[in-house]
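Participant: Quick one: sequence plus predicted model below, questions after.
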Amino acid sequence: MPLKIYNVLTRQKEEFKPLTEGKVNMYVCGPTVYDYSHIGHAKTYVGFDVVVRYLRHLGYDVLYVQNITDVGHMLDTGEDRILRKARQMSAKPMQVVETYTREYFADMDALGVRRPDISPRASAHVPEQIAMTQDLIAKGHAYEVDGSVYFDVGSFPEYGKLSGRIVEDLEEGTRIAVREEKKHPADFALWKKAEPEHILRWDSPWGEGFPGWHIECSAMANKYLGQTFDIHGGGIDNIFPHNECEIAQSEAAHGETFARYWMLTGSLTLEGIKMSKSLGNTLTIKDALARWRAEAIRTFILSSHYNNPIDFSDEAIEAAFKGWQRIWGAVSLTREQLRQAAPGEANPAVLAMLDGVKADFIEKMNDDFNAPAALAVLQELTRKVNTLLNEQGPHSQGTLQAIDQLYRELGGDVLGIVPEQADAGANAEREDGLVRLLINLRAQARANRDWATADQIRNQLKELGIALEDRADGTIWKAE
RNA sequence: GGCGACGUGGCCGAGUGGUUAGGCAGAGGUCUGCAAAACCUUCUACACCGGUUCGAACCCGGUCGUCGCCUCCA
């Protein structure tokens, strides 16, 4: 089965055929860097991380662009959120931007989200945004009023085709005070005149100002991916107006299709309620990582299809963590047995089983990146592997390597939930040696039926977060 | 009010016109010095009401409910 993607634009699943064979150009709306990233960002970007990882796994040459918004996002009050934060922090706006951009990348790195190939900043692409705005004016899709430029929604009949919004309805439903200077309430700003107190400002043909909040994505996507590209992603909450405006600007300016496939991720709620600053129910990625390991967070996110909303709760992530532990336990056991395995070819029956699992996994992922179903395939693999390792054996190096390899490929490379090694810390090997030393001492105690000593070692290690498991073929340890 | 999505067992969550999702939790068992892990068995399903069909949880209509967007949001 070929890869199918649910295209929000057409509201149906379509076979994925990139513009250029073997190559995927992809754009995902990035964060506005005015504060720490929260668990909702994690859902969106882990989701697309897996999309990109999987496309690459299929052999596509992916160019992944994700912007950093550092200018232009306005609050209801008309105030730029970055400027407000700068004032609160008594810092320069670009200090705020720099600080939270770094934090964003640090959080994403910690979550195992691979970095985009290009992370263009809006503030570094003002000339491109101005040029595009000029182009839109020249083509009759935008007009200037008193130093600001607005997109003329009436000039683009297809406006609303992504979100299903109808311009006439917007006019009636709009609750914001209609700006006098706009021709139509649905018209949106491409360029805004800077009031004197607005210190994020650039020169333009219309005087000093700053870009509107949608034009950056159009301008930067065009710059790095061309007029038409394959996949545009983002959170569903941006479908209107942001994504809709991107399409209008780009297609009005270029006369070409903007993005061919639109993939939008469902939102995340916290204990059933949407996160918001005013309710105080936000959970930053840093706080989440302090409580759960990255793989648990990823497993939680991937246990629901990317386009569905999910609710974050302690119970839900705890269940995901335990599910992940099962998989990780089997991987660890495989690697442990590999340490002592005798050289030898892989067992053909096992290879056949692994091939079947892989085909299954691919089939699920080809169905619009169905990660939860793919995760279930890994769970079934895990049951088979556990049976194999616990009830048969010993197994040859070849067999164990094949198992480990499949976990690395599907669980590691594609889903990002199976680490290369138990602990990547600098002292990992030393720690392993020390624990093994204690395991050997304890083994002697056990041989002498000195259960008190044996239990003491196990209990004290447990308190240090190291769990021992006695098996017929020896004792293994796990960090918790 | 408008647009959209969704309602699956104790919980989280896939999927499908007739054939096991999977995980977590619960119960019983095997193994074990004990523990842990693992494996085996097992109990709760498809919001409600109509309709189409040999047969619907899956298709259609309606009702109720939840959520998202329409205003900054990933």
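Facilitator: Good, I have the coordinates.
Participant: Enumerate every residue touching the residue lying closest to A:E103 once chain neighbours are set aside.
Facilitator: Among residues not flanking A:E103 along the chain, A:Y36 sits closest, at 5.8 Å (Cβ to Cβ, 6 or more residues apart in numbering). Using the backbone N, CA and C atoms, a C-beta is placed for each residue, glycine as well. For A:Y36, the contact set (Cβ atoms under 8 Å, 6 or more residues apart in numbering) comprises A:100, A:103, A:107, A:284-286.
Participant: What ranges does the stretch 151-300 of chain A have for its helices?
Facilitator: Along the stretch 151-300 of chain A, counting by DSSP state H, counting those that start in this stretch, helices occupy A:167-173, A:215-225, A:244-254, A:285-291, A:294-302.
Participant: looking at those, which is closest to RNA strand B?
Facilitator: Among these, the nearest to RNA strand B by Cβ to the nearest atom of the strand is helix A:167-173 (3.3 Å).
Participant: Neighbours of the closest residue to RNA strand B within the stretch 251-400 of chain A, how many?
Facilitator: Of all residues in the stretch 251-400 of chain A, A:G323 sits closest to RNA strand B, at 2.4 Å by Cβ to the nearest atom of the strand. Counted with other Cβ atoms under 10 Å, the neighbours of A:G323 add up to 20.
Participant: Need the per-residue pLDDT for it.
Facilitator: We have a pLDDT of 94 for A:G323.
Participant: residues in contact with it?
Facilitator: If you count contacts by Cβ under 8 Å, 6+ apart, then A:G323 has A:299, A:303, A:375, A:379 around it.
Participant: Show the contacting residues for the second one.
Facilitator: Pointing back at A:S303 there. Taking Cβ under 8 Å, 6+ apart, we find A:S303 in contact with A:320, A:323, A:371-372, A:375.
Participant: Identify the farthest-apart pair in those.
Facilitator: A:G323 and A:A371 (12.9 Å; Cβ to Cβ).
Participant: which residues of chain A score low on pLDDT?
Facilitator: For chain A, the stretches with pLDDT under 70 are A:72-78, A:167-180, A:277-279, A:424.
Participant: quick revisit: mind checking which of the contacts of A:S303 are in helices?
Facilitator: Among the contacts of A:S303, DSSP state H puts A:320, A:323, A:371-372, A:375 in helices.
Participant: Now do the host helix or strand of A:T382 against helix A:294-302, angle only.
Facilitator: According to DSSP states H and E, A:T382 maps onto helix A:371-391. In terms of direction (axes from the mean of the first three to the mean of the last three Cα atoms, to 10 degrees), helix A:371-391 departs from helix A:294-302 by 130 degrees.
Participant: Need the contact partners of helix A:371-391.
Facilitator: If you take Cβ under 8 Å, 6+ apart as the criterion, helix A:371-391 is touched by A:50, A:299, A:302-306, A:323, A:326-327, A:329-330, A:333-334, A:337, A:350, A:353-354, A:357, A:360-361, A:364-365, A:367, A:395, A:403, A:406-407, A:410-411, A:414-415, A:471.
Participant: From those residues, list the buried ones, please.
Facilitator: The neighbour-count criterion (16 or more other Cβ atoms under 10 Å) marks A:50, A:299, A:302-306, A:323, A:327, A:329-330, A:333-334, A:337, A:350, A:353-354, A:357, A:360-361, A:364-365, A:367, A:395, A:403, A:406-407, A:410-411, A:414-415 among those as buried.
Participant: Could you check how far A:S332 is from A:A479?
Facilitator: 10 Å (Cβ to Cβ, to the nearest Å).
Participant: what sits in contact with each of these two?
Facilitator: Shared contacts of A:S332 and A:A479 (Cβ under 8 Å, 6+ apart): A:A422.
Participant: higher neighbour count, those two?
Facilitator: A:S332 (19 against 16).
Participant: helix or strand right after the helix or strand hosting the more buried one?
Facilitator: For A:S332, the element it lies in under DSSP H and E is helix A:314-340. Later in the chain than helix A:314-340, the nearest helix or strand by DSSP H and E is helix A:348-366.
Participant: helices and strands around that next one, which ones?
Facilitator: helix A:371-391, helix A:397-406 (3 or more Cβ pairs under 8 Å, 6 or more residues apart in numbering; DSSP states H and E).
Participant: Reformat these as a markdown table; add distance to RNA strand B.
Facilitator: Shown next, in a markdown table, are the helices and strands packed on helix A:348-366 (distance: least, Cβ to the nearest atom of the strand, whole Å):
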| stretch | distance to RNA strand B |
| --- | --- |
| helix A:371-391 | 3 |
| helix A:397-406 | 14 |
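Participant: Highest mean neighbour count out of those helices?
Facilitator: helix A:397-406 (a mean of 21; mean count of other Cβ atoms under 10 Å).
Participant: what angle separates that one from helix A:314-340?
Facilitator: Calculated by the same axes, to 10 degrees, helix A:397-406 forms an angle of 150 degrees with helix A:314-340.
Participant: who touches helix A:397-406?
Facilitator: Helix A:397-406 is contacted from outside by A:331, A:334-335, A:337-338, A:341-347, A:350-351, A:354, A:357-358, A:381, A:385, A:388, using Cβ under 8 Å, 6+ apart.
Participant: Which elements pack onto the helix or strand just after it?
Facilitator: Next helix or strand after helix A:397-406 toward the C-terminus (DSSP H and E): helix A:428-447. The elements that helix A:428-447 packs onto, with contact taken as 3+ Cβ pairs under 8 Å, 6+ apart, are helix A:451-463, strand A:466-471, strand A:474-479.
Participant: highest average neighbour count across these?
Facilitator: Of all the helices and strands packed on helix A:428-447, strand A:474-479 has the most neighbours on average by mean count of other Cβ under 10 Å, namely a mean of 17.
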